[in-house]
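Participant: whatever this is, show me its structure:
(4 chains)
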There are 2 protein chains.
Amino acid sequence: MARAATTSDAFNAIAEPQRRAILSALRGGERPVLDLAAELRISQPRASKHLRVLREVGLVRVRESGQQRFYALEADGLRPIHEWVGGFEEFWNESLDRLNAYVQELKEEDHR
Amino acid sequence: MARAATTSDAFNAIAEPQRRAILSALRGGERPVLDLAAELRISQPRASKHLRVLREVGLVRVRESGQQRFYALEADGLRPIHEWVGGFEEFWNESLDRLNAYVQELKEEDHR
DNA sequence: TTGACGTATGCCTATATCGACATATACTGA
DNA sequence: TCAGTATATGTCGATATAGGCATACGTCAA
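Facilitator: The predicted structure follows:
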């Protein structure tokens, strides 16, 4: 065996920074491919490939209109991730020690 | 250029199912390596390597005790992910259509 | 019908793991 | 000192992308 397939679920889909950027860009509404490619400053083929991955894991949907394809968020797919991560919420460290350490850091940065 | 480095942030760290399993297992408290390897049914070297990745991105910390190393959750590292994903919360689809479809699914499962 | 435009895909190269194994390192007790 | 236990690491083989480029495909306007 070797490296496991990665493009098969939402966890892997959002592991790619540019794919996260695409999802963020789609928060403003559906967008055609070239539009997204331009905003992310990547080639059109690269955009299409990332969009394909996102589509396959159900994070975006497509609407065809003439020669354009408008991609839109399908945010429900992010929900399982939010829930999984949220399961660790009770372990987030909120102690005063931490807070103090943080404040110290800020101070030291100030003095540089 | 080629495939981007993946082991460098929390998003990538949790893209690996076994690493997610390790984090879940650590919710019960710190555990030595062999213990985790046994629970996940993976080899000790594999466990050590996954733990190294998790440590490098700040999702676990180690406490040395004799010849054992106890790994513990450092859940703060998951927080940025929770926040990023939470940013899409407003787009989650809660329409009645959806809910109805879900109820239908449940009914159909019942009739099988 | 033809040419331009918007997208999707196939091919190729470089690289990053995953997993298995063997082995090095470190600590412990006899 | 020495064997035994718990971990970490290096190496090797297989495989999965990311990116770039060329190109196929479908739509539209002239």
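
Participant: how about the residues of chain A near chain B?
Facilitator: Counting by Cβ under 8 Å from any Cβ of the partner chain, the positions of chain A adjacent to chain B are A:4, A:6, A:11-12, A:14-17, A:20, A:23-24, A:27, A:73, A:75-76, A:78-79, A:81-82, A:84-89, A:91-93. Where C-beta positions appear, they are placed from N, C-alpha and C, glycine not excepted.

Participant: hmm, try it at 7 Å
Facilitator: Applying Cβ under 7 Å from any Cβ of the partner chain, we find that chain A lies next to chain B at A:6, A:11-12, A:14-15, A:73, A:75-76, A:78-79, A:81-82, A:85-86, A:88, A:91-93.

Participant: now the residues you listed: which count as buried?
Facilitator: Of the members of these, the ones counted as buried by neighbours, 16 or more other Cβ atoms under 10 Å in any protein chain shown, are A:6, A:11-12, A:14-15, A:73, A:75-76, A:78, A:81-82, A:85, A:88.

Participant: out of the residues you listed, what pair is the most spread apart?
Facilitator: Farthest pair in those (Cβ to Cβ) is A:Leu73 and A:Phe88. Separation: 24.9 Å.

Participant: how about the strands in chain A?
Facilitator: Secondary structure of chain A, counting by DSSP state E: strands at A:31-32, A:60-65, A:68-73.

Participant: can you add mean pLDDT and give those back as JSON lines?
Facilitator: Compiled in JSON lines, the strands of chain A are given as follows (pLDDT from 0 to 100):
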{"stretch": "strand A:31-32", "mean pLDDT": "98"}
{"stretch": "strand A:60-65", "mean pLDDT": "96"}
{"stretch": "strand A:68-73", "mean pLDDT": "97"}
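
Participant: could you dump these to JSON lines with distance to A:Leu54?
Facilitator: Compiled in JSON lines, the strands of chain A are given as follows (distance: least, Cβ to Cβ, whole Å):
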{"stretch": "strand A:31-32", "distance to A:Leu54": "12"}
{"stretch": "strand A:60-65", "distance to A:Leu54": "4"}
{"stretch": "strand A:68-73", "distance to A:Leu54": "8"}
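
Participant: give me the below-cutoff pLDDT ranges for chain A.
Facilitator: Applying pLDDT under 70 to chain A picks out residues A:1-7, A:95-112.

Participant: and the most centrally placed residue in chain A, what does it touch?
Facilitator: Nearest residue to the geometric centre of chain A (Cα atoms, centre = their mean): A:Arg20, 2.5 Å. Contacts for A:Arg20 (Cβ atoms under 7 Å, 6 or more residues apart in numbering or on different chains) come out as A:Ile14.
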